[in-house]
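Participant: coords below, sequence missing:
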């Protein structure tokens with residue numbers, strides 16, 4: 001049962017990463033007035049976040065440094081939550097943060113008990 005719990009939480013963590021990218025895209029689309037700027041922000045924000053994630057926060061990150069990983073995760077997840085809030089999806093922002101915190105706690109507790 002412990003393995004199922006572990007993999008369920010890791011899967012949820014990956015889903016939260018994808019949701020963060022989608023939230024950044026949504027923010028980019030809702031923020032700008034002009035259509036070309038909408039496209040640049042809606043594509044650029046998640047691409048930059050994914051690039052930073054791959055460089056600093058992924059399990060096989062190019063630059064494997066714990067502080068850089070934490071900062072990247074805070075910026076990406078925090079940016080996604082703030083982006084949802086700024087785009088007037090306040091309930092989604094609160095739910096995103098609540099699920100994220102719950103998932104991080106479950107993963108941390110799972111590492112402590114294994």
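Facilitator: It's in. Small disclaimer: the values here were computed from a predicted structure and weren't measured.

Participant: and the closest residue in space to residue 76 that isn't next to it in sequence, what is it in contact with?
Facilitator: In space, and not counting its chain neighbours, residue 76 is closest to residue 49: 4.8 Å by CB to CB, 6 or more residues apart in numbering. Quick note: C-beta positions are derived from backbone N, CA and C, even for glycine. Contacts for residue 49 (CB atoms under 8 Å, 6 or more residues apart in numbering) come out as 20-21, 24, 75-76, 79-80.

Participant: Helix or strand: which one has residue 49?
Facilitator: Assigned by DSSP states H and E, residue 49 falls within helix 35-52.

Participant: what's the answer for residue 26, then?
Facilitator: Using DSSP H and E, residue 26 falls in helix 2-31.

Participant: Just the buried positions in that helix, please.
Facilitator: Under the neighbour-count criterion of 16 or more other CB atoms under 10 Å, helix 2-31 has 6, 9, 12, 16-17, 19-21, 23-30 buried.

Participant: how about the nearest residue to residue 45, chain neighbours excluded?
Facilitator: Using CB to CB, 6+ apart, the closest residue to residue 45 is residue 24 (4.1 Å).

Participant: Please report how far the nearest residue to residue 71 once chain neighbours are set aside lies from residue 22.
Facilitator: Distances taken as CB to CB, 6+ apart place residue 56 nearest to residue 71, at 7.5 Å, with adjacent residues excluded. Distance, residue 56 to residue 22, using CB to CB, to the nearest Å: 20 Å.

Participant: which secondary element of the protein has the worst mean pLDDT?
Facilitator: None of the helices or strands of the chain scores lower by mean pLDDT, DSSP states H and E than helix 90-113, at a mean of 89.
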